[in-house]
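>>> Predicted model and sequence follow; I will ask about them next.
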Amino acid sequence: MTTLRIETELGIIGLRLRPDAAPTTVRHIAEAVRLGLYDGNACCFYRSDFVIQCGLHGTNRRHPNGDLPVNETNHGAVLTNARGTVAVAHFDVPDNGSTEFFINLQHNAHLDTAYGGYCVFAQVDGAASFGVVDAIAASIKQGRKVKISAMALV
């Protein structure tokens, strides 16, 4: 299975992509990574102790293919928003996600159905990656943004 490697100033996060659960979403995010759209961006927003969010928000970068054509939560994706899962962020309209994603810091079952559901497409891979995720959350909670230096598919 393909891994998404996120290099940050606090360490490396490995995300195991789940094309078995969200093939369209995985292809969309993988294309953004191949194009280098995330490189040099700040990670992350911190949302009430439950997620950290990464993506292109606040930049002038956009995915050349636009938004995702479908929210796969509503089309058979079987993964729940548990601690360490990664899901596509979207506004209140379910079929408008694009390049924003978040890492769940705790089990967030309500996100499986809220606003049409938030499609899980990856999982944090390994204890070292979880340590970096928790360090990023702590840093953001203290008001510091964490820079993504590069993202790659490995």
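Yep, that arrived.

>>> C-alpha from now on. contacts and neighbour counts both.
OK.

>>> Can you pull out the low-pLDDT segments for this structure?
Across the chain, residues meeting the criterion (pLDDT under 70) sit at 1, 42-48, 56-64, 66, 74, 76-77, 91-96.

>>> in it, which spans are helices?
23-34, 127-141 (DSSP state H).

>>> Turn the ones you listed into TSV, including mean neighbour count.
Converted to TSV, those look like this (neighbours: other CA atoms under 10 Å):
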stretch	mean neighbour count
helix 23-34	19
helix 127-141	18
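
>>> With distance to L153 added, can I get these in JSON lines?
Written out in JSON lines, the entries for the helices of the chain read as follows (distance: least, CA to CA, whole Å):
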{"stretch": "helix 23-34", "distance to L153": "7"}
{"stretch": "helix 127-141", "distance to L153": "15"}
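
>>> among those, which is nearest I12?
Ranking the helices of the chain by distance to I12, with CA to CA as the measure, places helix 127-141 first at 6.4 Å.

>>> doesn't C119 make contact with R18?
No - contact status for R18 versus C119: not in contact, 10.9 Å apart, counting by CA atoms under 8 Å.

>>> which one is S149 nearest to, not counting chain neighbours?
Spatially, and ignoring its direct neighbours in sequence, S149 is nearest to G40 (4.8 Å; CA to CA, 6 or more residues apart in numbering).

>>> How about T85?
Counting by CA to CA, 6+ apart, T85 lies nearest to Q123, which is 4.2 Å off, once chain neighbours are set aside.

>>> neighbours of the one you found, just the number please.
As a burial measure, Q123 scores 23 neighbours (other CA atoms under 10 Å).

>>> just checking, it touches P19?
No - if you go by CA under 8 Å, Q123 and P19 don't touch, sitting 11.3 Å apart.

>>> Dead centre of this protein: give me the residue that sits there.
F101 (3.0 Å; CA atoms, centre = their mean).
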